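Colleague: sequence? don't have it. structure:
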Ligand SMILES: [Zn+2]
């Protein structure tokens, strides 16, 4: 998402009140945690999803339970795959004890990275993985690690609201895709890469990772401002000895391309929605999957954040929130339609919303609902 999440959690509010003596200092338990915070789910299955970060949006703020930026791992035996790389992913890889974490090499078992879209809250720590990777296990095996994600949008999005057209950032190439972005990050960190390879003997970036654009048929990408969510069959774009990965376009306009991913393994299948409003393409791709990890937004919060009457700017921001994300009251019906037995919520907007309110996702859904928390492990 592109707007800020609410900066104040109840804990922050209570802490602030405590500081001025309004409540006793020793009252750290919030209403939200009292209403259902729990220990992370554990699984020793060979193939499992690990929720690394579950907060949606770029804003910083304390949440209960603590939520890092959006990122997930799919573990298949002694290898794992990353889906998005939001803020804090490195710390969470260590917390989840992935790779040779005890030897400070959490990236040793990383096989590939998949980016659903290029909003900053989904990719902000990609630069950390790439630039710090040599010291955290990225040099260990199966290299270079591919970084797969959306290609170049090709055209700027339409302007919304009544504000004047702003200056364009990098007008010579204002919408770089994943391959270009990885190359540009390498250039931005060239001083460090050169220093560490010349002076320290570390591998060159091209020996550790490489960026790739997910290929799409031409008819799907020729008009991102006309139809950003064209109907399509999922496209298989990656396969190795453990996973087959397919992508489909989802509804996150004006961001384009914006993907959901499906991973098929010999132990089962999982779909990650990425950021999306209700999506026919996603339902199609999720049919027959064992687990659906789906984003969600609290519509009540969005309405509170942009109260009526709204200015044109606020109306545009409000509509982006509720059309390009999935209301908590609607996500259950999506999982039901897809026939998926387990629905896992992530990318909570806002991350600070009371836990019990996310239970509204059970509406219209007869399967198992998991209101996701950082470090939850869910077997396929
Ligand atoms: Zn987004």
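Modeller: Sure, I can see it. Note that this is a predicted model, so its numbers are computed, not measured.

Colleague: going forward, measure contacts between C-alpha atoms and count neighbours the same way
Modeller: Noted.

Colleague: could you check the pLDDT of residue 125?
Modeller: pLDDT, residue 125: 98.

Colleague: residue contacts, residue 159?
Modeller: By CA atoms under 8 Å, 6 or more residues apart in numbering, the contact set of residue 159 is residue 165.

Colleague: pull the number of nearby residues for the residue lying closest to residue 176 once chain neighbours are set aside.
Modeller: Excluding the flanking residues, the one nearest residue 176 by CA to CA, 6 or more residues apart in numbering is residue 152, at 4.9 Å. A total of 19 residues lie near residue 152 under the criterion other CA atoms under 10 Å.

Colleague: hang on, residue 152 in a helix?
Modeller: No - under DSSP: H, G, I helix; E, B strand; the rest coil, residue 152 falls outside any helix and is assigned coil.

Colleague: for it, grab phi and psi.
Modeller: The phi and psi torsions at residue 152 (degrees, to the nearest 10) take the values phi -60, psi 130.

Colleague: so that it lines up with my notes, have the first residue be 424 from now on.
Modeller: Sure thing, new numbering starts at 424, so read that last one as residue 575.

Colleague: wait, it sits on residue 604?
Modeller: No - at 9.5 Å, residue 575 does not count as touching residue 604 under the criterion of CA atoms under 8 Å.

Colleague: give me the pLDDT value at residue 461.
Modeller: For residue 461, the predicted pLDDT is 92.

Colleague: quick one: residues contacting the residue of the stretch 674-803 of the chain found nearest the ion.
Modeller: Going by CA to the ion, the ion is nearest to residue 698 of the stretch 674-803 of the chain, at 5.1 Å. Going by CA under 8 Å, 6+ apart, residue 698 touches 424, 539-540, 673-675, 681-683, 718, 747-748, 770.

Colleague: distance of it relative to residue 548?
Modeller: Here the criterion is CA to CA, to the nearest Å. By it, residue 698 lies 17 Å from residue 548.

Colleague: helices of this protein, residue ranges please.
Modeller: Applying DSSP state H to the chain gives helices spanning 433-442, 454-457, 512-518, 543-546, 549-555, 601-611, 613-621, 641-644, 703-709, 722-728, 735-746, 751-761.

Colleague: check contacts around residue 759.
Modeller: 787-790.

Colleague: quick one, which of those residues are buried?
Modeller: Neighbour-count burial (16 or more other CA atoms under 10 Å) applied to these gives 787-788.

Colleague: which of the contacts of residue 759 sits closest to residue 521?
Modeller: Nearest to residue 521 among these, counting by CA to CA, is residue 790 at 29.1 Å.

Colleague: check contacts around residue 532.
Modeller: 501-503, 521-523, 560, 563-564.

Colleague: PyMOL command for the buried members of these?
Modeller: Of these, the buried ones can be selected in PyMOL as follows, counting by 16+ other CA under 10 Å:
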select buried, resi 502+503+521+522+523+560+563
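
Colleague: which of the contacts of residue 532 sits closest to the ion?
Modeller: Among the contacts of residue 532, residue 503 lies closest to the ion (CA to the ion), at 23.4 Å.

Colleague: model confidence for the closest one, exactly?
Modeller: Predicted confidence (pLDDT) for residue 503: 98.

Colleague: and what of residue 588?
Modeller: pLDDT, residue 588: 92.

Colleague: what is the neighbour count of it?
Modeller: The number of residues near residue 588, taken as other CA under 10 Å, comes to 10.

Colleague: ok, residue 603 - how many residues close by?
Modeller: Neighbourhood size, residue 603 [other CA under 10 Å]: 17.

Colleague: actually residue 579, not the one I wrote
Modeller: Neighbours of residue 579 under the rule other CA under 10 Å: 16.

Colleague: what comes up buried for stretch 631-639?
Modeller: Along stretch 631-639, these residues count as buried under the neighbour rule (16+ other CA under 10 Å): 631-637, 639.

Colleague: quick check: residue 771 touching residue 718?
Modeller: Yes - using CA under 8 Å, residue 771 is in contact with residue 718, at 6.6 Å.

Colleague: ok, back up a step: in a markdown table, list the helices of the chain along with distance to residue 588.
Modeller: Shown next, in a markdown table, are the helices of the chain (distance: least, CA to CA, whole Å):
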| stretch | distance to residue 588 |
| --- | --- |
| helix 433-442 | 37 |
| helix 454-457 | 41 |
| helix 512-518 | 35 |
| helix 543-546 | 21 |
| helix 549-555 | 29 |
| helix 601-611 | 25 |
| helix 613-621 | 33 |
| helix 641-644 | 24 |
| helix 703-709 | 33 |
| helix 722-728 | 25 |
| helix 735-746 | 13 |
| helix 751-761 | 34 |
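
Colleague: by mean pLDDT, show me the worst of those helices.
Modeller: Note on the helices of the chain: helix 433-442 shows the lowest mean pLDDT, a mean of 31.

Colleague: which residue packs closest to residue 568, ignoring adjacent ones?
Modeller: Take residue 568 and drop its neighbours on the chain: the residue closest to it by CA to CA, 6+ apart is residue 632, 4.4 Å away.

Colleague: again, but for residue 686
Modeller: residue 668 (4.7 Å).

Colleague: tell me the bridge partners for the one you found.
Modeller: Beta-bridge partners recorded for residue 668 (DSSP bridges): residue 661, residue 686.
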